[in-house]
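Chemist: how would this look folded up:
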Amino acid sequence: MNFLTGPGGHGSASNTDNSTSNVADSALITSLNNLLAAIRLPITVESPLDLIPSLLLAILESILEHRLPITPAIRESRSPSDKVQAMKVFLGVLETDVLEMDVGLSDVDPRNLAAGEWDEVVFAGELLCWLGKQRGLLPPETVETLRDVEDSSVIPRMRGRRAGGVSPSTRSTVTNSAHTDLSMHAPSVQSDTTVTSASASSSFDDDPFTADSTITHRPGCIHELNSISIMLPDDGSFIELGDSENLTTQSESFCNCHEENLATDKKSPPVRYTGWIDTIDITEELETFEASRRMQNQTSFSQTQLKRHDFDSSLVSKASLPSKLIFY
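Modeler: As a prediction, this is how the structure comes out:
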């Protein structure tokens, strides 16, 4: 019996891998369409490649129910540079302000995601669906909350690139820092493991964000904006965007900045209104209640003692008034 095989003689294994990948992609498309319906976006995707930058931003903002402080040009993402900038914001907000954990987004090249590279858009789509499940928009697979995920295996991870693909993002064996085409490293310090995608480089030669700078460790956040907080003011109005020129005058790299230069202000954690809640600690709750009662009793006792002291002092002062007895 003869089998039809590819040039490498592994046609059967290749067909199995493709079949598994097709099933996973079909499930992802179904989840994406369910998510779009849940957040009331009248759009239907037929492929992960439909996840263009403007749609990715719209999905993220709809899940968070907050508008990100970005310019209209970046939100519309019509030019190549605006698409790249939009994906920098998308990746940074998703990992730093929402997930608050390292899931590998810092190793994703924003240019590949902006250009619609398969592995990057699939990864972004899987993360958005996972976030939708955590926020109660899709049926959850686990009961872990967003801040208390104990099993990191349930979080989507970047798939291996398809055959024939060249990853433009590798890790230096010397500095252990991520090297990408967007990392803006000096030519003399390229790692021997850094591979540059020719098509990606030619597509963004005019990108103003690819100026040279020094190598630094990859950070845990983005810094294109003055403030990347997604929380709204108390009055419910959207965050006002300051001078839009400030967005391009700051350091434009998504991957390179010193940790000590990052903002140290702590924001309050996001509040969820749907999904599961964590199990409470009965002992801790009782101890907190007892401590509160003791504090109230001590305050009440102190006030009573103060009033009694004032009353006794008043009696003493009256009893000590001098009196004169006159005898005739």
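Chemist: Show me what counts as buried in the longest helix seen in the chain.
Modeler: Secondary structure of the chain per DSSP state H: the longest helix is helix 282-319. For helix 282-319, the neighbour count (16 or more other Cβ atoms under 10 Å) marks no residue as buried. Where C-beta positions appear, they are placed from N, C-alpha and C, glycine not excepted.
Chemist: And stretch 42-51, by the same measure?
Modeler: Neighbour-count burial for stretch 42-51 flags 45, 48, 51 (criterion: 16+ other Cβ under 10 Å).
Chemist: Low-confidence ranges, the stretch 1-150 of the chain, go.
Modeler: Counting by pLDDT under 70, the stretch 1-150 of the chain contains low-confidence residues at 1-21, 140-150.
Chemist: For it, which segments count as helices?
Modeler: 11-38, 53-64, 72-76, 80-92, 110-115, 118-134 (DSSP state H, counting those that start in this stretch).
Chemist: can you put these in TSV and add distance to residue 278 and mean neighbour count?
Modeler: As requested, the helices of the stretch 1-150 of the chain are exported to TSV (distance: least, Cβ to Cβ, whole Å; neighbours: other Cβ atoms under 10 Å):
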stretch	distance to residue 278	mean neighbour count
helix 11-38	23	14
helix 53-64	21	20
helix 72-76	35	16
helix 80-92	27	24
helix 110-115	33	25
helix 118-134	13	22
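Chemist: Can you say which of the ones you listed is nearest to residue 290?
Modeler: Between residue 290 and the helices of the stretch 1-150 of the chain, the shortest gap by Cβ to Cβ is with helix 118-134, which sits at 34.4 Å.
Chemist: just to revisit the earlier point, from the buried residues of stretch 42-51, which single one is nearest residue 23?
Modeler: Of the buried residues of stretch 42-51, the one sitting nearest to residue 23 (Cβ to Cβ) turns out to be residue 48, at 13.8 Å.
Chemist: Now do the contacts for the closest one.
Modeler: 25, 28, 29, 32, 118, 121, 122, 125 (Cβ atoms under 8 Å, 6 or more residues apart in numbering).
Chemist: nearest to residue 108, of these?
Modeler: Using Cβ to Cβ, residue 121 comes nearest to residue 108 of the contacts of residue 48, at 10.3 Å.
Chemist: so who does the closest one touch?
Modeler: Residues near residue 121 by Cβ under 8 Å, 6+ apart: 48, 49, 51, 113.
Chemist: how much space is there between it and residue 63?
Modeler: Distance from residue 121 to residue 63, counting by Cβ to Cβ, to the nearest Å: 17 Å.
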